[in-house]
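Visitor: Got a predicted model here, sequence first, then my questions.
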Amino acid sequence: MKKFTTLFLTAFVSIGLLVACAPAAVQTPTPEAAPQPTATTPTQATPAAAEPAQVEDGFQRGLTVVGAAETSAIAPARQTALIGHFKNVMTHNGLFRVYHGDLSPIPDVVSEWHAISDTLFEFTIREGIQFHNGDIMTAYDVAASLEYVRTHPEQRALHASVAGWEVVDEMTIRIDSGEPNAVLFNDLAHQANFLMPRSLIDSGHDFMTNPVGSGPFVFEEWRHGDFLHFNAFENYFDEDRFPRIGYVHWRIVPEGSSRTIALETGEVDYVIDVAFPDIPRLEANPDITVQQTPGATFSYFLLNNARPQFESVYVRRAIDMALDREAMLIASLDGFGVPVYTTVPPIFPGVSHEGTRSFDPDGAAALLAEHGVDPASIGFEMLAFDETQRRRAEVAQANLADIGIPTTITMVDFATWLPLTTGDEFEASFANNTPNTLVVFMRNLMTIESIDVQNRARINNPELSGLINQALTTVDTYARNAILYEATRVANEYSGFIGTNMNIVFRAFNSNLRAPELAANGFMYMNMMYWVD
């Protein structure tokens, strides 16, 4: 385990160094051809170099995908979950997109851009981009999409870097960040700021039932709890990224072994949420490819700081000390990952380990006794929305019982979990977050401004918020990392929520399929997949 952890953290450091070099708002985004293979490049059991299969009418046969969870929404700007992002990158484009190699923002619909000042940037839109409804994209569509985001509070934090904009001409828009901003381009690559036709926005179109964008696939149907269906967009603008898969049929199967069997029998072609106990079996199957890459997903134990039992920092620290991360990792992910003790993903530069605590149940009990807290008075309900979280919760339940804290576990589906944890009625839950940068992670999950949005822990710490906001306006990388170091130290000591582990991204699929772009954040660009049989 120690050897595995060392190798895994080395790969994480590589991701962190790459992401730290991602462009700030006043630097030029990395060109598409510039990134080279790194430790984040996914491994694949079969050779990637192979001739694509023959196509008919420009498209190959379709692809049947299966995942464990169902998104709560398929419209951009209406949800913040990774499973929803997977759908949005299929159907929509942004000014920028996330490069799979190092998670940096690179131009998508932008043909060129330049900085007018430290806070004002001018973007030229590529000519001839067609939306799925037939409209041709202009700068007016960009402006309307940015305005649309402002009407939906669930994406407020991811639009905060955009202070204003001005349409210069039909294909040119200027965006003002208001003050120097280190994450403007990262935000413009996020689905919250994806682009939609102005004509549909103005007419009050229901994007929740029919998400119209300009992406490589067109949304066709969603049967809740069963499947979603997307067809390739025959007028997609980007020739280099034109889809070769004719359609994507996305099934929802919560039970892990059922997903594995469906792949083995050929019922599905591609598994997103691979059941960890089944990985050795899948790797031994010559008809199946198991793809993996060190992940950027941070799993944590979410405590609602607004609830009376979690108001005391000493209670939160005691819970932190009571949790056995190693046991959680083995129970939930069969050991595929790394336990963490920080309150932020440790893969990024600028992370301090000061103020963290190790597994120490005796110390946890002593801390509660020292501050006159009866463990029985802390009892609470833990939420979980998938089987890995449930197993993690069962370990936590046993750990907390050892120091006298009673708990219950409640399973909810993901669509229920999202609004439930955005409010302040829940007590505790297991959760995941997949950031591209440290400062974005901390802004979204820890600032006072993000309470009721993504700050589900309802952390209300003015000192911490002040440091994070200072880092957001510090464009110089080294100066920003120094501020973040202090911010992460404060976050560790405050223990608003409790980090548990980092993940490995696994995908399993038919060995005749090629999937060349798997990112550390879990993004898989399905328009780049193709068959070789």
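Guide: It's in.
Visitor: Return the set of buried residues in stretch 356-375.
Guide: Of the residues in stretch 356-375, those scored as buried under the neighbour-count criterion (16 or more other C-beta atoms under 10 Å) are 356-357, 359, 361, 363-365, 367-368, 373, 375. The way it works is simple: take the backbone N, C-alpha and C, and place the C-beta from them, glycine included.
Visitor: Which of the residues you listed sits closest to Asp424?
Guide: When these are compared for distance to Asp424, the smallest value, 21.7 Å, is given by Val373; criterion: C-beta to C-beta.
Visitor: returning to what we had before: got CSV for the buried residues of stretch 356-375, with pLDDT, distance to Ala306 and secondary structure too?
Guide: Rendered in CSV, the data for the buried residues of stretch 356-375 read as follows (pLDDT from 0 to 100; distance: C-beta to C-beta, whole Å; DSSP: H, G, I helix; E, B strand; the rest coil):
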residue, pLDDT, distance to Ala306, secondary structure
Thr356, 97, 24, coil
Arg357, 97, 23, coil
Phe359, 97, 27, coil
Pro361, 98, 26, helix
Gly363, 98, 26, helix
Ala364, 98, 22, helix
Ala365, 98, 25, helix
Leu367, 98, 22, helix
Leu368, 98, 20, helix
Val373, 97, 18, coil
Pro375, 98, 21, helix
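Visitor: As JSON lines, the residues you listed with distance to Arg251 would be great.
Guide: What follows is the buried residues of stretch 356-375, written out as JSON lines (distance: C-beta to C-beta, whole Å):
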{"residue": "Thr356", "distance to Arg251": "40"}
{"residue": "Arg357", "distance to Arg251": "42"}
{"residue": "Phe359", "distance to Arg251": "39"}
{"residue": "Pro361", "distance to Arg251": "42"}
{"residue": "Gly363", "distance to Arg251": "46"}
{"residue": "Ala364", "distance to Arg251": "43"}
{"residue": "Ala365", "distance to Arg251": "46"}
{"residue": "Leu367", "distance to Arg251": "47"}
{"residue": "Leu368", "distance to Arg251": "46"}
{"residue": "Val373", "distance to Arg251": "47"}
{"residue": "Pro375", "distance to Arg251": "44"}
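Visitor: longest strand anywhere in this structure?
Guide: In the chain, assigned by DSSP state E, the strand with the most residues is strand 288-303.
Visitor: Skip ahead from that one and say which helix or strand is next.
Guide: helix 313-322 (DSSP states H and E).
Visitor: Please tell me how far the closest residue to Ala401 other than its chain neighbours sits from Ala520.
Guide: Leaving out its chain neighbours, the residue that sits closest to Ala401 by C-beta to C-beta, 6 or more residues apart in numbering is Thr407, at 7.4 Å. Thr407 sits 32 Å away from Ala520, taking C-beta to C-beta, to the nearest Å as the criterion.
Visitor: Neighbour count: those two, which is higher?
Guide: The residue with more neighbours, out of Thr407 and Ala520 and counting by other C-beta atoms under 10 Å, is Ala520; that gives 32 against 18.
Visitor: give the contact list for the closest residue to the more buried one other than its chain neighbours.
Guide: Leaving aside its chain neighbours, Ala520 sits nearest to Ala296 (4.3 Å; criterion: C-beta to C-beta, 6+ apart). Residues in contact with Ala296, defined by C-beta atoms under 8 Å, 6 or more residues apart in numbering, are 15, 103, 345, 347, 434-436, 502, 520-522.
Visitor: got it, and Gln191?
Guide: Counting by C-beta under 8 Å, 6+ apart, Gln191 touches 76-77, 84-85, 88-89, 92, 94.
Visitor: one more time with 10 Å
Guide: For Gln191, the contacting residues are 75-80, 82, 84-89, 91-92, 94, 98, 155, 158, 213, by C-beta atoms under 10 Å, 6 or more residues apart in numbering.
Visitor: What of His224?
Guide: Counting by C-beta under 10 Å, 6+ apart, the residues that His224 touches are 70, 252, 415.
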